[in-house]
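Peer 1: below are the sequence and a predicted model; questions follow.
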Amino acid sequence: MVVAGLLLSGGVLKTLAIFSARDEPEAGLTDDGRLRPCPDRPNCVNSEDPDPLRRVEALPCEDEGDWARLREVLGDVPRLEIVTEGEGYLHATVRSGLFGFVDDVEFRLDADGAVIHVRSGSRVGRSDLGVNRRRAAKILELWRRRNHSDAG
């Protein structure tokens with residue numbers, strides 16, 4: 001009870017809000033058109049990352065209609081807001097429920113590889129307790145479920 005009171009005190013919440021609000025997004029493609037690699041922190045996953053500790057599975061892509069279906073899938077992700085969408089690239093943010101920390105979620109269409117690559121990373125802190133990995137897995141699950149139901 002005392003710990004909960006301390007955590008919810010105005011000073012702690014204001015400090016956390018200022019800290020998370022100051023951080024700018026780490027989003028965008030690299031010069032070679034790939035998703036940016038994850039930083040050296042365990043709070044980011046990327047389907048293009050060579051490190052197996054950070055790598056997640058990309059979304060299988062069968063045709064150009066899959067890119068349009070991506071928006072439908074993202075509509076099922078709580079607190080996700082699309083920020084930027086361009087030719088074969090989408091950047092969204094997800095705000096945590098309790099403290100409002102912002103995570104960046106990005107997608108890149110790789111038509112040659114027949115996949116949509118995904119990157120999900122926290123803007124602040126070191127550890128995310130696996131939140132971004134679980135989010136990427138959930139998006140993949142929603143993707144497979146939606147595409148399976150479209151085929152049937």
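Peer 2: Yep, that arrived.
Peer 1: CA only for contacts and neighbour counts going forward, please
Peer 2: Will do.
Peer 1: list the residues that contact the spatially closest residue to A114 that is not a sequence neighbour.
Peer 2: Among residues not flanking A114 along the chain, C61 sits closest, at 4.9 Å (C-alpha to C-alpha, 6 or more residues apart in numbering). C61 makes contact with W67, A111, A114, V115, I116 under the criterion C-alpha atoms under 8 Å, 6 or more residues apart in numbering.
Peer 1: so how many other residues sit close to the third one?
Peer 2: Translated: A114. A114: 15 surrounding residues under other C-alpha atoms under 10 Å.
Peer 1: who's in contact with it?
Peer 2: Applying C-alpha under 8 Å, 6+ apart, the residues contacting A114 are P60, C61, E62, D63.
Peer 1: pLDDT weak spots in the chain?
Peer 2: The model of the chain has pLDDT under 70 over residues 1-23, 148-152.
Peer 1: try 80
Peer 2: Scanning the chain for pLDDT under 80 picks out 1-26, 64, 148-152.
Peer 1: quick revisit: tabulate the contacts of C61 (JSON lines), appending secondary structure.
Peer 2: Output for these, formatted as JSON lines (DSSP: H, G, I helix; E, B strand; the rest coil):
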{"residue": "W67", "secondary structure": "helix"}
{"residue": "A111", "secondary structure": "coil"}
{"residue": "A114", "secondary structure": "coil"}
{"residue": "V115", "secondary structure": "strand"}
{"residue": "I116", "secondary structure": "strand"}
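Peer 1: kindly confirm my reading that N147 is in a strand.
Peer 2: No: N147 is assigned helix when assessed by three-state DSSP, not a strand.
Peer 1: that one and L98, how far apart?
Peer 2: As judged by C-alpha to C-alpha, to the nearest Å, N147 and L98 stand 32 Å apart.
Peer 1: more crowded one of these two?
Peer 2: For N147 and L98, the more surrounded residue by other C-alpha under 10 Å is N147, and the numbers stand at 17 against 7.
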